[in-house]
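Asks: The following block contains a protein sequence and its predicted model.
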Amino acid sequence: GAVVSQHPSWVICKSGTSVKIECRSLDFQATTMFWYRQFPKQSLMLMATSNEGSKATYEQGVEKDKFLINHASLTLSTLTVTSAHPEDSSFYICSARDSVLAYNEQFFGPGTRLTVL
Amino acid sequence: SQQGEEDPQALSIQEGENATMNCSYKTSINNLQWYRQNSGRGLVHLILIRSNEREKHSGRLRVTLDTSKKSSSLLITASRAADTASYFCATDANDYKLSFGAGTTVTVRA
């Protein structure tokens, strides 16, 4: 099956620093990738839709200047949490949609646990 | 935005028993998907059911969809300890964005 990787799997950083998370589709091309955030014992909340070669589309309430998304190739999207604060601590999950498949099955990465001290 | 609601929130069953969880949603959909998440891990796609389908099977999984009631159910038969996880429904309203339900945490006791 299709595989999506995320790096790093976990990161601890100091308040005020920026953290970059990578999402890669390993064996398929993904024109569209999605970034989700999940707080403990809660569901996934869509943050933004990342389209290769164009600007990301952010969901209501998500600050685009704080969560920078770059989808530079068909297999890589990055999420940068700028000037991270403790309230940004969360589990960040990306998913990728196979460009070839007609229906919307998304393949999820294993997630990145961000802890901001 | 999150549009799915699931019940129960948590379910504890004995190994070998069946587990049933329900999902309700609010708007028209193109398809509905079920995912499994083991603690602290990513999501695994289980099954997708299109809006014109009423029932679908995959191994020990059975999914139903009632678009008139805007609801779906996931049945896991003959549960195993390895089925312990959180299960989420997600709806696709034809814009490729998935809206996730709150999830059902299933614990299968050996």
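Replies: That came through, no problem.
Asks: Which stretches in chain B count as strands?
Replies: With strands called from DSSP state E, chain B shows them at B:5-7, B:10-14, B:19-24, B:31-37, B:43-50, B:55-58, B:61-66, B:71-76, B:85-92, B:98-100, B:104-109.
Asks: who wins for proximity to residue A:89 among the ones you listed?
Replies: strand B:31-37 (18.7 Å; Cβ to Cβ). Every C-beta, even on glycine, is put in place using the N, C-alpha and C of the backbone.
Asks: Check the spacing between the residue nearest to the spatial centre of chain A and residue B:5 real quick.
Replies: The C-alpha lying nearest the average C-alpha coordinate of chain A belongs to residue A:35 (Cα atoms, centre = their mean; 3.5 Å). When distance is defined by Cβ to Cβ, to the nearest Å, residue A:35 is 23 Å away from residue B:5.
Asks: Next, count neighbours for residue B:104.
Replies: 22 (other Cβ atoms under 10 Å in any protein chain shown).
Asks: To clarify, my last question referred to residue B:18.
Replies: Residues near residue B:18, counting by other Cβ under 10 Å: 12.
Asks: Output the set of residues of chain B in proximity to chain A.
Replies: Contacts of chain B with chain A, taken as Cβ under 8 Å from any Cβ of the partner chain, map to B:1-2, B:30-31, B:33, B:35, B:40-45, B:48, B:50, B:88, B:92, B:96-103.
Asks: so what secondary structure elements neighbour the helix or strand bottoming out on mean pLDDT in chain A?
Replies: In chain A, no helix or strand scores lower on mean pLDDT, DSSP states H and E than strand A:106-108, which sits at a mean of 88. Contacting strand A:106-108 under the criterion 3 or more Cβ pairs under 8 Å, 6 or more residues apart in numbering or on different chains; DSSP states H and E are the following elements: strand A:90-97, strand B:43-50.
Asks: which other residues reach the first one?
Replies: With Cβ atoms under 8 Å, 6 or more residues apart in numbering or on different chains as the test, strand A:90-97 has contacts from A:2, A:4, A:6, A:21, A:23, A:25, A:28, A:30-40, A:44, A:77, A:79, A:81, A:104-109, A:111-114, B:40, B:42-43, B:96, B:98.
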